[in-house]
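>>> Let me see the structure of the following:
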Amino acid sequence: MRRFYIVEAVRIYVIIQLRTYSTTEGLLPPEFNATFCFGEFSCFLAGDERNSETPNLAMMHTMWVREHNRVVWRLRKLNPHWDDERLYQEGRHIVVGLYQYITYREFLEVVLGSEVMKDWGISVNEEVKFNFNYNPDIDASLSNGLMTAAFRYGHSSISTNIECG
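Coordinates of the predicted model:
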């Protein structure tokens with residue numbers, strides 16, 4: 001139920017965007033109901049309730065919300081006949097594709113190495129920039145042990161410093 005609440009809370013159905021606190025700055029809206037937040041604007045409302053755990057994570061959520069809204073406005077100009085739901089979903093597909101491309105091309109290649117990626121058949125094709133090997137019949141869920149290891153690795157790689165500029 002919490003996941004549905006978050007999805008509904010971050011969408012704006014009238015103007016096809018994800019909700020931001022300031023339309024000129026594109027900031028995430030404040031979350032006043034989170035139990036782990038302190039102060040007036042210490043937590044934000046985004047697609048994942050853990051978005052405010054670190055400044056880096058809040059920044060990533062802000063960046064992807066802004067990118068979604070930018071893509072949707074461009075799609076609206078190109079396809080004025082699309083309704084809000086179609087624009088939202090198409091924008092979502094594009095942004096998720098960008099996120100997956102960056103994950104596979106920029107992150108996993110560094111973490112796993114290009115040879116492992118090639119051996120597992122998950123490397124990005126440099127000529128066409130995407131992979132045609134999607135199979136909807138394959139179960140993509142992960143075991144609890146694998147998720148725990150990934151969780152621990154991910155948290156150990158978070159830097160305590162943020163470099164700006």
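
>>> Kindly provide the distance from the most centrally placed residue in the chain to residue 80.
Geometric centre of the chain, nearest residue: residue 64, 5.7 Å, by CA atoms, centre = their mean. Remark: distance between residue 64 and residue 80 (CB to CB, to the nearest Å) = 25 Å. Bear in mind the C-beta positions are built from the backbone N, C-alpha and C, glycine included.

>>> Got the confidence number for the residue nearest to the centre of the chain?
As predicted, residue 64 sits at a pLDDT of 89.

>>> quick one: contacts for it?
By CB atoms under 8 Å, 6 or more residues apart in numbering, the residues touching residue 64 are 95, 99.

>>> What is the neighbour count of residue 106?
10 (other CB atoms under 10 Å).

>>> you'd agree the residue nearest to the centre of the chain is in a strand?
No - assessed with DSSP: H, G, I helix; E, B strand; the rest coil, residue 64 is helix; it does not lie in a strand.

>>> Could I get the full set of helices for this structure?
For the chain, the helices defined by DSSP state H cover 2-10, 55-78, 84-102, 109-112, 114-120, 144-156.

>>> ok now the last one, how far from the chain's centre?
When you say that, I think you mean helix 144-156. Distance of helix 144-156 from its chain centroid, counting by CA atoms, centre = their mean, to the nearest Å, is 18 Å.

>>> Thanks again, I'm all set now.
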